[in-house]
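Novice: Show me how the following folds:
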Amino acid sequence: MDVESSHDDKRNPQPKRQKRRILRMLCVVGSLLAAYVAKEIAFSAHLSSTDSPRSRNKGSVKESMLILHWKNPEVGSRKQHLDFVNVEAEIKTQNQRKYAPIDTIHKFGHLHTGAWMVVLDTNAAMQDAKILMLKRSPHVVTCPNYWSFLGEHSNRDEKPKDFVIRGMREELGERFYHQFVQTGGEIKPLVDHPIFFKRDYDTPRGKRMDRQINYIFTIEMNTPATVLEKLSIVDKEAAEVAWVTKHEIKRWLTETPNERFCHNATTAVMDLVMEQLESLEMGVNSNMNDMNDMVQQNVS
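Specialist: This next block holds a predicted model:
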């Protein structure tokens, strides 16, 4: 029987082939599993919890951001770019919080917090108001040589207005902040709820995924742009700055959006901002018309 079975094996090599096929599949699965574990270890190395001694010293974890989570993941997956987000109702607050640097946040596509700051020389509702625009340096990784409003990410456990103020101080300088923002300026939310900013892009370091709860604030300087123009901006990522009228920014968005701005996701936010500012203008004009009508009635 043994001799016959050995002859059968030679005539029918299927069992050996199946074994080799199974071994190859196991090797592939093992490699994928090892890569996944390595990726998780690399990511975990960037994380810190609020209970660790390291996290209690904020200076030891530079630019460490809180990773946010949707209360209902299905709602989060359905959110589209520029959808409004009700933070209290839709975002989960965890007891055991996790943090990571901004590049890691973007690498893994984790939800986080940021803000756009629309800096104006006068009241945002004024038709002739000018807005501070920054042209990014050619040496930055993200969106070199493109124009934008000021932007800022939150550091660990900062409230929106707190990191807006920090961003103003860091990007415009202490003198600018104290002389024009703290003394006579006003910081106001432009929209009732933050928006969901969603963008995928490539960098020299690989693909990045931006998933951000984005607040939008106006900062009204109440100082003529001719005075503000004389002050230098300290932001090292800015190659050029300009105080631009709302009408001119609308023209940029209409005529040369691809030349001026980095990405469709960015121009969509800028369109939203300009629409909100236009609504403020219309509200002021409507109130002025109502006042004129009242005056005319009293006169007659």
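
Novice: Could I get the buried residue list for stretch 179-195?
Specialist: If you call a residue buried by 16 or more other C-beta atoms under 10 Å, then stretch 179-195 has these buried ones: 179-181, 185, 187, 190, 193-195. Quick note: C-beta positions are derived from backbone N, CA and C, even for glycine.

Novice: Which residue, other than its chain neighbours, is closest to Arg208?
Specialist: Nearest residue to Arg208, sequence neighbours excluded (C-beta to C-beta, 6 or more residues apart in numbering): His106, at 4.2 Å.

Novice: How about the secondary structure of the one you found?
Specialist: Using DSSP: H, G, I helix; E, B strand; the rest coil, the secondary structure recorded for His106 is helix.

Novice: give me every residue that touches it.
Specialist: Contacts here follow C-beta atoms under 8 Å, 6 or more residues apart in numbering; on that basis His106 touches 208-210.

Novice: And Glu229, by the same measure?
Specialist: Each residue near Glu229 by C-beta under 8 Å, 6+ apart is listed here: Trp243.

Novice: what about the helices in the stretch 151-300 of the chain?
Specialist: With DSSP state H, counting those that start in this stretch applied, the stretch 151-300 of the chain shows helices at 160-172, 174-176, 225-228, 246-255, 257-260, 264-299, listed in chain order.

Novice: Tabulate these in TSV, adding columns for mean pLDDT.
Specialist: Supplementary listing: those in TSV, determined by pLDDT from 0 to 100:
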stretch	mean pLDDT
helix 160-172	90
helix 174-176	85
helix 225-228	86
helix 246-255	95
helix 257-260	92
helix 264-299	73
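
Novice: buried residues in stretch 136-148?
Specialist: If you call a residue buried by 16+ other C-beta under 10 Å, then stretch 136-148 has these buried ones: 136, 143, 146-148.

Novice: on that earlier part again, quick check, nearest of the contacts of His106 to Lys230?
Specialist: Within those, the smallest distance to Lys230 is 34.7 Å, found for Asp210 (C-beta to C-beta).

Novice: Leaving out chain neighbours, which residue sits closest to that closest one?
Specialist: Arg199 (4.5 Å).

Novice: Tell me the pLDDT of that neighbour.
Specialist: According to the model's per-residue confidence, Arg199 sits at a pLDDT of 92.

Novice: hmm, back to that, let me know the closest of the buried residues of stretch 136-148 to His263.
Specialist: After measuring these against His263 - C-beta to C-beta - the closest member comes out as Cys143, at 7.2 Å.

Novice: so what's the closest one up against?
Specialist: For Cys143, the contact set (C-beta under 8 Å, 6+ apart) comprises 136, 262-263, 266.

Novice: rewinding a little: any chance of the buried residues of stretch 179-195 in CSV, with distance to Glu248 too?
Specialist: Shown next, in CSV, are these (distance: C-beta to C-beta, whole Å):
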residue, distance to Glu248
Gln179, 26
Phe180, 22
Val181, 23
Gly185, 22
Ile187, 24
Leu190, 19
His193, 29
Pro194, 27
Ile195, 24
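
Novice: Could you work out the most separated pair of those?
Specialist: Considering C-beta to C-beta, no two members of those lie farther apart than Gln179 and His193, which are separated by 31.9 Å.

Novice: Need the max-distance pair from the contacts of Cys143.
Specialist: Longest distance between any two of these is 12.2 Å, between Arg136 and His263; criterion C-beta to C-beta.

Novice: before we move on, back to that, got a PyMOL select line for the buried ones in the contacts of His106?
Specialist: Restricted to buried positions by 16+ other C-beta under 10 Å, the PyMOL selection for the contacts of His106 reads:
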select buried, resi 208+210
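
Novice: Out of the contacts of His106, name the ones that lie in strands.
Specialist: Mapping the contacts of His106 onto strands (DSSP state E) picks out 208-210.

Novice: Ile105 contacts Ser64, correct?
Specialist: No. Under the criterion of C-beta atoms under 8 Å, Ile105 is not in contact with Ser64, lying 9.6 Å apart.

Novice: Looking at the two now, which is surrounded by more residues?
Specialist: Between Ile105 and Ser64, counted using other C-beta atoms under 10 Å, Ile105 has the larger neighbour count: 26 against 22.

Novice: who's in contact with the more buried one?
Specialist: For Ile105, the contacting residues are 65, 67, 112, by C-beta under 8 Å, 6+ apart.
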